[in-house]
Each structure stands twice: as C-alpha cells, then as structure tokens.
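*Asks:* One predicted model, sequence on top.
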Amino acid sequence: MKRLFKTITIAGSDSGGGAGVQADIKTFQAFDVYGMSAITAITSQNTTGVSSVMNVSPNVIYDQIAMVSKDIGIDACKIGMLANTEVIDAVFKALVDFKIQNIVLDPVMVAKSGDYLLRRGDENSLVKKLLPLCFLVTPNIPEAELISQTSIKTKEDMINSILEIKSLGPKNVLLKGGHMQGDFLTDILYDGIDFYEFTSKKVNSKNTHGTGCTLSAAITASLARGNSLYEAVKIAKKYTLEAIKKAPTNIGQGHGPLYHNLNFSKVN
Ligand SMILES: Nc1ncnc2c1ncn2[C@@H]1O[C@H](COP(=O)(O)OP(=O)(O)OP(=O)(O)O)[C@@H](O)[C@H]1O
Ligand SMILES: Cc1ncc(CO)c(N)n1
C-alpha cells in the first residue's frame, strides 16, 4: 500500500499555469508527494504579464490551511505570493495555530513581468511576521536587496545580505543568483554556520517564468521526503535546471514556463 508525503503551497494562482500554485503542484507531482493548496489570490496572468488580481479573503485563506491541517496533515509547506499585510497576518496565525513545520518561504514581491504581487510598503510585515517562522527563506537578488536594505553587485555583497537576512530570524537562507550577470549563476545557502555554493551554467532562454516558484516547491517536496537541507537544495536545483533546459517553446509570447513533467520520484 502506497503512503505519500504531504506538502502544501500557500500561494497565488497563475492562470497561465507557469508560476504560483500551478507550478508548485506540478513540481510536487514530479517528486511524487501529495500536493495541496491554500490559494491566497487569483491572478489573471499569462507569459507577458498580470492584468488583474483578486485577493482571497484572509478568513478563507486561514480556513484552507486549517482544513488540510486538521484532516490530512502537512510534512512541509511552501509559501509564495501573499498580497498584503492582512493576508500575511492570517497565514501567520494559521502556521502558529497548526504548528506547521518545514516552512519554505519564497518572499515573492514582483513578477518577472514587473507587476507587483505584494502591496508596496507591506514588505516589512512579511519580514517581521514570517521570517522568524521559516525553516528556509529563498529570496532572489532584488528581494534580498529590499529585505537586507543593501545593494548586491558582487558575491561579497550576496554574503553580507545573507547575514543580514539571517539576523531577522529564519533558520536558513538561500539567496538565488538568477538575476546576476555572467555566464554562470551561483545560489548561496547559509545554515547559520557554513556557506554552500551551487553554481551552474546560465541557460540562455527567455522561458524562465516561475523558476523561483519551481525551485522553492522542489525544495519543499524534497524536505517532505526526508532529505537534509543541503540535499534538498541540490536536488531541487537539478530539477529546476533540467526544467529550464527542457522548457517548451510554444507556450505564449513572453517569458514561457518550464517543463515540470520530469520524474524526480526516485531521486533522493
Ligand atoms: N537562465 C537560467 N539558467 C539556469 N538557471 C537559472 C536561470 N535563471 C534562473 N535560474 C535558477 O533558477 C532558480 C530561480 O532563480 P531566480 O533568481 O530566477 O528566481 P526568481 O527571480 O524568484 O524567479 P521567478 O520570479 O520567475 O519565480 C535559481 O536556482 C537560479 O539559479
Ligand atoms: C501567482 C504568482 N506567484 C508568483 C509569481 C512569481 O514568479 C508569479 N508570477 N505569479
């Protein structure tokens, strides 16, 4: 009889299917973990941008998390788009009330298209309320600059930003280097003691919509399966890179999605 590890994504819906809840659930499936969702917002979105957003009411977001916690249980939890302070407060309360562990926070602020997904000025709520609850936070370069109030141009800047973010309470920090210039990209993981670098060749592709969502969902799935943080990040990077390399070429006119349908159920 098959038993599955259980994961939830607390995030926004992307109608275009490439980022947000849709990317997360596809990624969970690739890792053969049971995927659940608490949808925080409905975005009308495609590969070129976001045209409208309807935020789900904080009570309903809380309730989605409550219902799956009480009945099904959660081994690991990914958090993506949270639209404003009221939503952040509701998610905070649910995480505490249901003692949710293995929280991976992708501090989503701005989509690749430039559209704001978190209300401007509400970044501080995300930092103050949620960072201390996180097992791992996975900012990209602009998000890290905003959270740490530093500018990032070099690897040394990345390290300084990571130390600043760590001091805000998360157990571990993964700073993604996807926005850095050059032929190689380096993500840096810090566990409070050591720094670990993950470097890969940059794939020259415009189909990178949802890379951050995919990476954090893959880390969440891998943690749920019992891997150590280092192993989970290593496996998730491998999955994301392969998904970028195999991205379909006929989906939309803008930043197209990745290819999620890779079998990582045996990769431990
Ligand atoms: N062109 C690329 N080639 C190879 N790896 C990439 C590329 N772009 C991003 N990555 C990797 O994908 C992961 C996500 O990084 P990135 O910094 O792009 O996240 P993000 O900005 O949060 O993404 P998004 O906002 O689209 O969800 C990182 O591990 C990064 O190194
Ligand atoms: C719903 C949603 N979440 C996250 C992102 C970031 O890529 C996006 N574009 N849309």
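*Replies:* All right, it came through fine. As the structure is a prediction and not an experimental result, all values here were calculated from the model. Ligands and ions are numbered 1, 2, ... in the order given.

*Asks:* helices or strands next to the strand or helix carrying Asp63 in the packing?
*Replies:* Element membership for Asp63, per DSSP states H and E: helix 58-71. On a contact count with 3 or more Cβ pairs under 8 Å, 6 or more residues apart in numbering; DSSP states H and E, helix 58-71 meets strand 6-14, strand 34-45, helix 85-97. In this view, the C-beta of every residue, glycine as well, is placed from N, C-alpha and C.

*Asks:* and the ones you listed, which is most packed in?
*Replies:* Mean neighbour count (mean count of other Cβ atoms under 10 Å) peaks for strand 6-14 among those, with a mean of 27.

*Asks:* buried residues in the longest helix anywhere in the chain?
*Replies:* Looking across the chain with DSSP state H, the single longest helix is helix 229-245. By neighbour count with 16 or more other Cβ atoms under 10 Å, helix 229-245 contains the buried residues 229, 232-241, 243-244.

*Asks:* Run through the stretch 51-200 of the chain and note the low-pLDDT ranges.
*Replies:* Judged against pLDDT under 70, the stretch 51-200 of the chain has no low-scoring part.

*Asks:* So what does the closest residue to ligand 2 within it have for phi and psi?
*Replies:* Distance from ligand 2 to each residue of the stretch 51-200 of the chain (Cβ to the nearest ligand atom) is smallest for Ala111, at 3.6 Å. Per-residue torsions, Ala111: phi -70, psi 160 (degrees, to the nearest 10).

*Asks:* Provide a list of residues in contact with it.
*Replies:* The contact partners of Ala111, by Cβ atoms under 8 Å, 6 or more residues apart in numbering, come to 19, 45, 49-50, 117.

*Asks:* let's see 10 Å
*Replies:* For Ala111, the contacting residues are 12, 14, 19-20, 43, 45, 49-50, 81, 117, 209-210, 212, 255, by Cβ atoms under 10 Å, 6 or more residues apart in numbering.

*Asks:* Equivalent analysis for Ile244, please.
*Replies:* Applying Cβ under 10 Å, 6+ apart, we find Ile244 in contact with 178, 200, 202-203, 205, 207-208, 211, 214, 258-259.

*Asks:* The same query, at a cut-off of 6 Å, please.
*Replies:* The contact partners of Ile244, taken as Cβ atoms under 6 Å, 6 or more residues apart in numbering, are 203, 258.

*Asks:* how close does it get to Gly178?
*Replies:* Using Cβ to Cβ, to the nearest Å, Ile244 is found at 10 Å from Gly178.

*Asks:* Including distance to Glu145, could the helices and strands packed on helix 58-71 go into TSV?
*Replies:* Converted to TSV, the helices and strands packed on helix 58-71 look like this (distance: least, Cβ to Cβ, whole Å):
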stretch	distance to Glu145
strand 6-14	22
strand 34-45	24
helix 85-97	20
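
*Asks:* Right, I'll call it a day here.
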